[in-house]
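Asker: the sequence and its predicted three-dimensional model are supplied below.
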Amino acid sequence: MSYKLICPYCKTEIELDTDDYGDQIFAEDIFTVECRHCGKIVLVEPHVTVCLEGMECKCQGENHKWLPTITFPKCLTEMMCEYCGERRPMTDKEREEFNIPTIEDYMKSIRQNNETIKT
């Protein structure tokens, strides 16, 4: 990907390729490039622009549609609202419904599997 700027000396377009400059383009630090047309050193100050988009929030922070996250290991699964992205820990009832072990049960199964492999 490349970005363009104008040389402040000769007004020629300078193309900066991310292959050549990598993370410098996205950092907040000023760096320098040499204009290929006039040969002068040009200071480059990166500016990052963020675009935000508003969307409807169907739950309005109250009527959440809770779904389990897809997580590995499964014992770290949380519940996340499909509409707003809010997260919370699973209840015991939800762990049972979705067959999600607790961290303690998961660790116990690992120890049991390790003991089985040793014998």
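Answerer: Ah, there it is.

Asker: what about the host helix or strand of I110, distance to the chain center?
Answerer: For I110, the element it lies in under DSSP states H and E is helix 103-118. Offset of helix 103-118 from its chain centre (Cα atoms, centre = their mean, to the nearest Å): 32 Å.

Asker: test my guess that E15 contacts M1.
Answerer: No - counting by Cβ atoms under 8 Å, E15 sits too far from M1 to count as a contact (10.7 Å). The way it works is simple: take the backbone N, C-alpha and C, and place the C-beta from them, glycine included.

Asker: comparing the two, which shows the higher neighbour count?
Answerer: Legend: neighbour count by other Cβ atoms under 10 Å for E15 and M1, higher for E15 (11 against 7).

Asker: how about the contacts made by the more buried one?
Answerer: 2-4 (Cβ atoms under 8 Å, 6 or more residues apart in numbering).

Asker: likewise I14?
Answerer: 4-7, 33, 35-36, 42.

Asker: same check on C81?
Answerer: With Cβ under 8 Å, 6+ apart, C81 has these contacts: 59, 64-67, 87.

Asker: got it, and M79?
Answerer: 66-69, 87-91, 94.

Asker: and it, what pLDDT?
Answerer: Looking at M79, its pLDDT stands at 97.

Asker: apart from its chain neighbours, what residue comes closest to it?
Answerer: Among residues not flanking M79 along the chain, W66 sits closest, at 4.4 Å (Cβ to Cβ, 6 or more residues apart in numbering).

Asker: ok, now E94?
Answerer: Among residues not flanking E94 along the chain, M79 sits closest, at 6.3 Å (Cβ to Cβ, 6+ apart).

Asker: okay, and the beta partners of that neighbour?
Answerer: Beta bridges link M79 to P68, R88 when assigned by DSSP bridges.
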